[in-house]
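K.L.:
Take a look and give me a structure for this.
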Amino acid sequence: MAAPMLLRGFPVLRLRLRLYNHRVASAFVAPLRFPLCTAASDSSRPEESLSSADKSSAVEKDTPKYPRWNDPDYRQWKDKEEEILRDIEPILMLTKDILHSRTYMDGERLTAEDEKAIVERLLAYHPHAEDKIGCGLDSIMVDRHPQFRRSRCLFIIRTDGAWIDFSYQKCLRQYIREKYPSHSERFIREHFKRGSG
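P.N.:
Okay, here's the model as predicted:
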């Protein structure tokens with residue numbers, strides 16, 4: 001039950017799962033190097049009957065063409081993308097767990113440990129954190145969004161009793177922009193929904 005919900009809400013995991021399944025499937029579908037029976041060819045191995053020119057062209061035909069893998073800029077981007085994913089994964093998983101599991105009911109305040117993680121790793125990077133906190137932060141709560149009743153979100157409960165929602169995705173975007181300025185916009189464009197900040 002939790003796995004489909006996690007996969008639906010976490011596009012990075014879907015991407016990794018798709019890449020893993022593609023690798024596993026391609027391992028089983030790979031063409032055979034040797035015929036299944038020896039009567040299919042004159043020699044015991046097909047490579048023995050090929051000349052050196054034929055061998056080089058056969059190797060070129062067997063290797064898939066991925067021009068982007070050889071591009072150093074693309075390799076650098078993929079390495080940086082993996083680094084960013086490893087960096088944000090713990091707080092993203094915690095936030096998704098808080099919002100989409102039954103750990104917290106609607107209107108329930110976060111535990112001290114979860115609240116500390118959310119405040120330090122998310123709220124500190126919100127573009128309008130000072131405005132959101134206002135007169136002071138009392139606690140963090142999970143509840144339904146007032147306009148979009150099917151969505152759960154995080155709320156700041158201020159010391160004066162007022163509460164206001166904040167977007168964890170805006171916090172993550174700002175964190176990525178500050179920590180990885182040269183790769184942030186591409187990462188955000190490829191990994192976050194459009195129109196949400």
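
K.L.:
Could you use CA atoms for every contact and neighbour count after this?
P.N.:
OK.

K.L.:
Pass me the low-pLDDT residue ranges in the protein, would you?
P.N.:
Scanning the chain for pLDDT under 70 picks out the ranges 1-67, 69, 194-197.

K.L.:
mind checking the longest helix of it?
P.N.:
helix 72-100 (DSSP state H).

K.L.:
got a list of contacts for the helix or strand that it is followed by?
P.N.:
The first helix or strand that comes after helix 72-100 along the chain, using DSSP states H and E, is strand 108-109. If you take C-alpha atoms under 8 Å, 6 or more residues apart in numbering as the criterion, strand 108-109 is touched by S139, I140, M141, V142, D143.

K.L.:
I figured the fourth one hits C153, correct?
P.N.:
Going back to what we said before, that points to V142. Yes: V142 lies in contact with C153 (C-alpha atoms under 8 Å); the separation is 5.8 Å.

K.L.:
Roughly how far does R186 sit from D71?
P.N.:
Using C-alpha to C-alpha, to the nearest Å, R186 is found at 17 Å from D71.

K.L.:
let me redo that: K78
P.N.:
Distance, K78 to D71, using C-alpha to C-alpha: 11 Å.

K.L.:
ok now do R173, which residues does it touch?
P.N.:
Listed by C-alpha under 8 Å, 6+ apart, the contact set of R173 reads S184, I188.

K.L.:
so who does E81 touch?
P.N.:
F187.

K.L.:
I'd like the distance between it and S182.
P.N.:
To S182, E81 is 11 Å away according to C-alpha to C-alpha.

K.L.:
For H183, grab the count of nearby residues.
P.N.:
Per other C-alpha atoms under 10 Å, the neighbour tally for H183 reads 15.

K.L.:
check contacts around F192.
P.N.:
Applying C-alpha under 8 Å, 6+ apart, the residues near F192 are Q169.

K.L.:
Which secondary structure state does K193 sit in?
P.N.:
Secondary structure assignment for K193 (DSSP: H, G, I helix; E, B strand; the rest coil): coil.

K.L.:
Contact partners for it?
P.N.:
Applying C-alpha under 8 Å, 6+ apart, we find K193 in contact with no residue.

K.L.:
Before we go further, C153 is sitting in a helix, right?
P.N.:
No: read with three-state DSSP, C153 is strand and lies in no helix.

K.L.:
For it, name its beta-bridge partners.
P.N.:
As for beta bridges, C153 partners with D143 under DSSP bridges.

K.L.:
give the contact list for P127.
P.N.:
Here P127 is in contact with K170, C171, Q174 (criterion: C-alpha under 8 Å, 6+ apart).

K.L.:
same check, this time on L154
P.N.:
Residues near L154 by C-alpha under 8 Å, 6+ apart: L99, I140, M141, V142, D143, D165, F166, S167, Y168.
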